[in-house]
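Engineer: Dropping the sequence and predicted coords here.
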Amino acid sequence: MQNILSNNLKNHNGKKMMESSNKQKEDINYEIIPEGTITSVPGVLCCSCHCGIRKRKDDISVILIPGSTACSGVFTKNTFAAAPVIICREQLASNRNINAIIINSGIANACTGSEGLKNAKKTIEIASVYLNLQKDNILVSSTGRIGRQLPLEKIEKGIACCSKNLSAGNGHNTAKAILTIDRHPKEFALQFLYDNKEIITGGIAKGSVMVEPDMATTLSFIATNISISPGILDGILSECVDDTFNCISTDGCQSTNDMVIVIANGCSGAVLNDKNSPLYGYFKKALHITLENLSRKVVEDGEGATKVIEIEIKKAYDKNEARSVGKKIANSVLFKSAMYGEDINWGRIAAAIGSVDNIDSSNVDIYLSGMLIMEKGMAKDYDEAAASALLKERNIKFIIDLNKGNATTKILTNDISYEYIKINALYKKQK
């Protein structure tokens, strides 16, 4: 992070939520926008409707951001990348001025071969007609069941309907329409003042299952009213995703359709074309906060989850080792089951840590919140009643001290319950 003078995060009423002690001449206050969403960003329009892909719910959405824009995206590394992922990569390789994203839910358009690619391209062609845009200015995204082809007649019907009803008031509806078996929509927006210009970043996301990123995870669409060069936006997005969406896991299963898309429309008048500008650090922090909140909402909405668990790895040799240890714990079914049962069973944590190469077990300490429960790889007497009380909380934190180096990371995960199995066993019956 460069040139952060201070980091004050407030809600819209001015109540301080987070503050850095590093204050200099100027404070940058980041204010959360109440009920903020992607259309909290001026110039962003949305619409969603039911076109018949799903039985009842809205299943197609259009996000429109007119004018000159800069777009950046990160995508799944899964070998079975879905057709929309492949097409979006191709689109962004040749053009960064993106004005629309077409999103359908119910069908993933993954593992659909050449026909799936043709259907994704045809969706763009259809949208270009109804939105009066060039094909190069449109992206597509899909989520839902793998292996099925898109019904293009229904897609066209939905795009035609949405194109006539685009509005800045439809952000919340679109946040709901992109969901599959998620329980809750995921939306966030914040603003800050720089050089008397109000800069806003807002977004929506979906995802609650198949969340083990190695890139982005789920679907997330972000807008901002800053003017920024694509190269700088690429770097900022990559770093922010790496510390947010790449540090969550609900079930250890990677998706075929993952993407995070950011579009900047420049409406604020603030311009970022130089990494040495103070605005670089301010905007990077704003995007990081936005992605951090959206990714946390994904974990909180994990299918059947009753706990949100933060695993902090301290004093690792490097960031890769810290992340490997954190992910081993987060993806341990034994650990997640124990958390659901509110059973501390720290031996399952130790076993997960020990599965990572080059770990000296005699140096490892484990804490539940601030309570030391394993010291130097051995059992430690602790207050079992106090530990039991901590495990009954919705939010739980473990600290793993490897006592090896200086690297630190945090992984966010959840427990696994009977409900997770039920929901995913009945996935085909979603409405």
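Structural biologist: Nice, thanks for sending it over.

Engineer: got the CA positions of stretch 225-234 in CSV?
Structural biologist: The C-alpha trace of stretch 225-234 is given here as CSV (Å, rounded to 0.1, in the frame of the first residue of the first chain):
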residue,chain,number,x,y,z
ASN,A,225,-16.4,6.5,-10.8
ILE,A,226,-12.6,7.1,-10.9
SER,A,227,-10.7,7.5,-14.2
ILE,A,228,-7.8,5.0,-14.2
SER,A,229,-5.4,3.5,-16.7
PRO,A,230,-6.1,-0.2,-17.4
GLY,A,231,-2.6,-1.2,-16.4
ILE,A,232,-2.8,0.4,-13.0
LEU,A,233,-6.3,-1.0,-12.5
ASP,A,234,-4.9,-4.5,-13.3
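
Engineer: which residues touch it?
Structural biologist: Residues outside stretch 225-234 that contact it (CB atoms under 8 Å, 6 or more residues apart in numbering): 41-43, 70-72, 96, 198-201, 262, 264-273, 275, 279-280, 283. For glycine as for every other residue, the C-beta is placed from the backbone atoms N, C-alpha and C.

Engineer: switch to 7 Å and redo it
Structural biologist: With CB atoms under 7 Å, 6 or more residues apart in numbering as the test, stretch 225-234 has contacts from 41-43, 70, 72, 96, 199-200, 262, 264-268, 270-273, 275, 283.

Engineer: Pretty sure residue 187 sits in a helix.
Structural biologist: No. Counting by DSSP: H, G, I helix; E, B strand; the rest coil, residue 187 falls outside a helix, being strand.

Engineer: List the contacts of it.
Structural biologist: 36-37, 172, 175, 204.

Engineer: and with 10 Å instead?
Structural biologist: Contact analysis of residue 187 by CB atoms under 10 Å, 6 or more residues apart in numbering lists 33, 35-40, 171-172, 174-176, 202-205, 293-294, 297.

Engineer: Please apply the same query to residue 236.
Structural biologist: 72, 228, 262, 272, 275, 280-281, 283-288.

Engineer: pLDDT on the helix or strand hosting it, on average?
Structural biologist: Here residue 236 sits within helix 230-243, counting by DSSP states H and E. For helix 230-243, mean pLDDT rounds to 95.

Engineer: Can you name the element that comes right after it?
Structural biologist: Per DSSP H and E, the first helix or strand lying C-terminal to helix 230-243 is strand 259-264.

Engineer: who does that next one pair up with?
Structural biologist: In the sheet, strand 259-264 lines up against strand 70-75 (antiparallel), strand 219-224 (parallel) (DSSP bridges).

Engineer: so which of those strands gets nearest residue 327?
Structural biologist: Residue 327 sits nearest to strand 70-75 of all those, at 18.2 Å, using CB to CB.

Engineer: so for the closest one, what's the average pLDDT?
Structural biologist: 96.

Engineer: What angle do helix 230-243 and it make with each other?
Structural biologist: 30 degrees (axes from the mean of the first three to the mean of the last three CA atoms, to 10 degrees).

Engineer: any idea of the pLDDT on the closest residue to residue 128 other than its chain neighbours?
Structural biologist: What sits nearest to residue 128 in space, not counting adjacent residues and going by CB to CB, 6 or more residues apart in numbering, is residue 135, at 4.7 Å. Model confidence at residue 135, given as pLDDT, is 98.

Engineer: pretty sure residue 135 is in contact with residue 121, am I right?
Structural biologist: Yes. Assessed by CB atoms under 10 Å, residue 135 is found in contact with residue 121 at 8.2 Å.
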